[in-house]
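**Student:** Generate coordinates for the sequence data below:
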Amino acid sequence: MNKTLLQKGFKRMAVFLVCCFTGPLIIHQAFKNQGHPFYFVVLVLGLGLLFVALFYGFLGIKTIVNALLGERRKRNL
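**Tutor:** Model (predicted):
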């Protein structure tokens, strides 16, 4: 088990959790204020946070699995 890689995975999962909760909150606020001039800016910011959450969630799980099970070896054919 690689402890430094495991810590890196948990940090990525922490970023995932923060983005996972703030993204939908910002999108909800954007839809509540559709007449505001910054509507599209806030909506794009919320969608960006959702994509960051998906990316960091996948990357965090992959890093944690690699830390627990070891790196995957490539087979030479």
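**Student:** Going along the chain, name the helices of the chain.
**Tutor:** Assignment of helices within the chain using DSSP state H yields the ranges 3-32, 39-69.
**Student:** ok, and for stretch 46-62, which residues are buried?
**Tutor:** 46, 49-50, 52-53, 56-57, 59-60 (16 or more other Cβ atoms under 10 Å). C-betas here are computed from N, CA, C, even on glycine.
**Student:** next one: stretch 34-46
**Tutor:** 42-43, 46.
**Student:** One more: stretch 27-35?
**Tutor:** 27, 30.
**Student:** re the thing from before, may I see the helices of the chain arranged in JSON lines, with mean pLDDT and distance to Asn76 as well?
**Tutor:** Shown next, in JSON lines, are the helices of the chain (pLDDT from 0 to 100; distance: least, Cβ to Cβ, whole Å):
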{"stretch": "helix 3-32", "mean pLDDT": "93", "distance to Asn76": "25"}
{"stretch": "helix 39-69", "mean pLDDT": "93", "distance to Asn76": "20"}
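**Student:** center of this protein, which residue is that?
**Tutor:** The C-alpha lying nearest the average C-alpha coordinate of the chain belongs to Ala53 (Cα atoms, centre = their mean; 2.3 Å).
**Student:** Can you tell me the closest non-neighbouring residue to Ile27?
**Tutor:** Closest residue to Ile27 apart from its sequence neighbours, by Cβ to Cβ, 6 or more residues apart in numbering: Gly46 at 3.7 Å.
**Student:** any idea how far Ile61 is from the one you found?
**Tutor:** As judged by Cβ to Cβ, to the nearest Å, Gly46 and Ile61 stand 23 Å apart.
**Student:** cool, and Asn2?
**Tutor:** From Asn2 over to Ile61 (counting by Cβ to Cβ), the distance is 15 Å.
**Student:** what do you get for Gly70?
**Tutor:** Taking Cβ to Cβ, one finds Gly70 at 16 Å from Ile61.
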